[in-house]
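Colleague: Sequence and predicted structure are below.
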Amino acid sequence: MEELDLLKKSWNKNENYPKISEERIYAMLYKNSSSAVKWIFIISIIELVFGLVLNICMQFTKSYSENITLIKEAGLYYFYESFTVLMYAVIIYFIVKFYLVYQKVSTTDSVKQLMETIIKARQTVRNYIIFNLTSAAVFMIVIFSFVLHQTLIKQSLETHKQITIGIYLGSIAALLIIIGVVIGLFWLFYRLLYGFLLKRLKKNYNELQKIDY
């Protein structure tokens, strides 16, 4: 955006060619916005592919098999499979929306349409992040709570010691703290990953408001 700032300074000094300057500024904002949305689309695809590859790799680990066994024993395997499929389906839906927004940005030919598309792009990214964080929190709370319960029962049977309320509540508190930290890291990751692009779009939107359309 440094080139745009320099052009604006030059524009303010020279009042003879406002129309040409406006067109150049719009062209820069158009190009910058299109690039930002394109990167949002690309990053979301990379994120999906990385998640799929990581999930496939984890299936060959011993801990994954043990956790699946605990999930089955807790009667949550159907929930686990259904929720996983639903999450991927919704993520793919958002990726398609990102692509459609990118297409719209690439074909728009007016300041007003570009501003409306920028608003839609930023809102779609926010909804995408909210969905990912919320679904991850719900998934972990449900699965880990039941797995923790099954683990405590197994330990009780193996050690012949009864599970006290203190141990149970302490385990739940520790679990919630761990989940909170994980969600916080995910939020930080999304803030760093998409935050820069969203700021670019917001700045572009503010600059477009100054153009007479």
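Modeller: Cool, got the structure. Numbering: from 1, shown residues only.

Colleague: what's the distance between the one helix or strand residue 27 maps to and the middle of its chain?
Modeller: Using DSSP states H and E, residue 27 sits within helix 18-58. Centroid displacement of helix 18-58 relative to its chain, using C-alpha atoms, centre = their mean, to the nearest Å, is 14 Å.

Colleague: what bits of this structure have low per-residue confidence?
Modeller: 1-22, 157-161, 163-164, 212-213 (pLDDT under 70).

Colleague: tell me what the helix holding residue 27 is packed against?
Modeller: Packing contacts for helix 18-58, counted by 3 or more C-beta pairs under 8 Å, 6 or more residues apart in numbering; DSSP states H and E, involve helix 2-13, helix 77-107, helix 111-159, helix 165-209. Every residue, glycine included, has its C-beta placed from N, CA and C.

Colleague: Among those helices, single out whichever gets nearest to residue 62.
Modeller: Shortest distance between residue 62 and those, using C-beta to C-beta, is found for helix 111-159: 15.4 Å.

Colleague: Run the chain-centre distance for the closest one.
Modeller: With C-alpha atoms, centre = their mean, you get 10 Å for helix 111-159.

Colleague: just the angle between that helix and helix 165-209, please?
Modeller: Using axes from the mean of the first three to the mean of the last three C-alpha atoms, to 10 degrees, the direction of helix 111-159 lies 170 degrees away from that of helix 165-209.

Colleague: And helix 111-159, what does it pack against?
Modeller: Taking 3+ C-beta pairs under 8 Å, 6+ apart as the contact cut, helix 111-159 packs with helix 18-58, helix 62-73, helix 77-107, helix 165-209.
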